[in-house]
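Engineer: Need a 3D model of the following:
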Amino acid sequence: MRDRMKSLITLLLASLFMATSAAHGVQVQDLIRLKGAEANKLVGMGIIVGLKGTGDGGKFAPSVRSLASAIQNLVDPTVIAAELKDTKNVALVAISVSLPASGVREGDKVDVHVSAIAAKSLEGGRLFLVPLIGPMKNSPVFAFAEGAVVIEDKNVPTVGLIRSGAQLTR
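Structural biologist: Down below sits the predicted model:
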């Protein structure tokens with residue numbers, strides 16, 4: 001009788017444990033973190049074009065040099081920065097992307113955050129195609145970003161978002 005009672009209690013406790021475990025399922029990722037399974041950042045510098053006279057253009061030499069370099073590579077190898085001194089529809093921007101800890105795969109698209117370096121506003125602008133790298137020196141290119149800038153806070157027109165603006169390449 002005693003053995004039977006022990007078996008019944010053991011069975012009851014096992015059933016109770018299994019029901020509790022199913023209701024409060026624990027995943028391995030809740031207990032440990034695998035190496036490489038953390039959030040990551042990608043960064044870059046680029047040019048926003050198409051601004052309504054609110055860019056940093058001619059008065060900001062790094063912006064004009066960046067625009068001249070893009071034109072030299074894509075359209076006219078003879079253009080020089082001095083020729084672009086009156087440009088007001090271009091802005092140099094810092095770019096950042098946050099990659100989730102849950103991970104991304106090649107081809108996935110993520111949001112891009114852009115911040116003006118010297119422009120008055122990025123409203124109406126579009127980021128010209130730019131490579132994004134890891135934050136460490138000599139990092140490879142992990143994504144390319146481009147797209148229309150959305151100003152989320154009208155009180156801060158120098159910061160914007162490009163929804164799904166970066167596509168992962170590795």
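
Engineer: who touches stretch 57-75?
Structural biologist: For stretch 57-75, the surrounding residues in contact (CB atoms under 8 Å, 6 or more residues apart in numbering) are 45-47, 55-56, 78-81, 83-92, 117-118, 128. Where you see a C-beta, it was placed from the backbone N, CA and C, and this is true even at glycine.

Engineer: show me where the protein has strands.
Structural biologist: Under the criterion DSSP state E, strands of the chain are mapped to 40-49, 90-99, 109-116, 126-133, 141-148, 159-168.

Engineer: can you give me the angle the fifth one makes with strand 159-168?
Structural biologist: With axes from the mean of the first three to the mean of the last three CA atoms, to 10 degrees defining the directions, strand 141-148 sits at 130 degrees from strand 159-168.

Engineer: what do you get for the first one?
Structural biologist: Here the directions of strand 40-49 and strand 159-168 differ by 120 degrees (the same axes, to 10 degrees).

Engineer: The residue lying closest to Ala101 once chain neighbours are set aside: how many residues sit nearby?
Structural biologist: Excluding the flanking residues, the one nearest Ala101 by CB to CB, 6 or more residues apart in numbering is Ala39, at 4.6 Å. Neighbourhood size, Ala39 [other CB atoms under 10 Å]: 10.

Engineer: who touches Ala39 in this structure?
Structural biologist: Listed by CB under 8 Å, 6+ apart, the contact set of Ala39 reads Ser98, Leu99, Pro100, Ala101.
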